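# Need the 3D shape of this:
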Amino acid sequence: MLPAAATAIRKSVFTGLAVAHQLQSPALAASVRAAFVRGMDVSLLVSAGIAVTGMVLTLAFLPGKAAKHFTESALVQGVRTDAFAR
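Below is the predicted model:
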């Protein structure tokens, strides 16, 4: 494979598939697709990690304030608050 083709393949999945099609190489096309899927796997795992971290931080810092506000508003409205006790 030419160095220019190797450089082009690394730039984008579409370019990689186009080069694989021009070279009539199913193995290269499969490799390009596998690399793309691997990159998506990593980005989705990072996104999930960020979401879980956000959820943990939210649960760590908001429940006390939110529960207090909820029970105070329930008292103002005359609702039984023993159901909301932790």
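
# got the residue ranges for the helices in the chain?
According to DSSP state H, the chain carries its helices in the segments 3-11, 13-23, 26-61, 63-77.

# Where in this structure is the helix or strand with the lowest mean pLDDT?
In the chain, the helix or strand scored least confidently by mean pLDDT, DSSP states H and E is helix 63-77, which has a mean of 60.

# Which residue lies nearest the spatial centre of this structure?
The centroid of the chain falls nearest to Ser47 when counting by C-alpha atoms, centre = their mean (2.6 Å).

# Quick check: pLDDT value at it.
Reading off the confidence values, Ser47 has pLDDT 98.

# got it, and the one 3 residues further on?
What the model reports for Ile50 is a pLDDT of 97.

# so how far is stretch 2-18 off the chain centroid?
Offset of stretch 2-18 from its chain centre (C-alpha atoms, centre = their mean, to the nearest Å): 26 Å.

# Now do that stretch, average pLDDT.
So the average pLDDT for stretch 2-18 ends up being 85.

# Would you mind putting the CA coordinates of it into CSV?
Provided in CSV are the C-alpha atoms of stretch 2-18 (Å, rounded to 0.1, in the frame of the first residue of the first chain):
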residue,chain,number,x,y,z
LEU,A,2,1.2,3.5,-0.8
PRO,A,3,2.1,5.8,2.1
ALA,A,4,-0.3,8.4,0.7
ALA,A,5,-3.1,5.8,0.9
ALA,A,6,-2.2,4.8,4.4
THR,A,7,-2.3,8.5,5.5
ALA,A,8,-5.6,9.0,3.8
ILE,A,9,-7.1,5.9,5.5
ARG,A,10,-6.2,7.3,8.9
LYS,A,11,-8.1,10.6,8.3
SER,A,12,-11.7,9.3,8.2
VAL,A,13,-13.7,6.2,8.0
PHE,A,14,-15.2,7.3,4.6
THR,A,15,-11.8,7.9,3.1
GLY,A,16,-10.7,4.5,4.4
LEU,A,17,-13.6,2.7,2.9
ALA,A,18,-13.1,4.6,-0.4
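
# quick revisit: any idea which of the helices of the chain is most buried?
Stretch with highest mean neighbour count among the helices of the chain: helix 13-23 (a mean of 15; mean count of other C-beta atoms under 10 Å). In this view, the C-beta of every residue, glycine as well, is placed from N, C-alpha and C.
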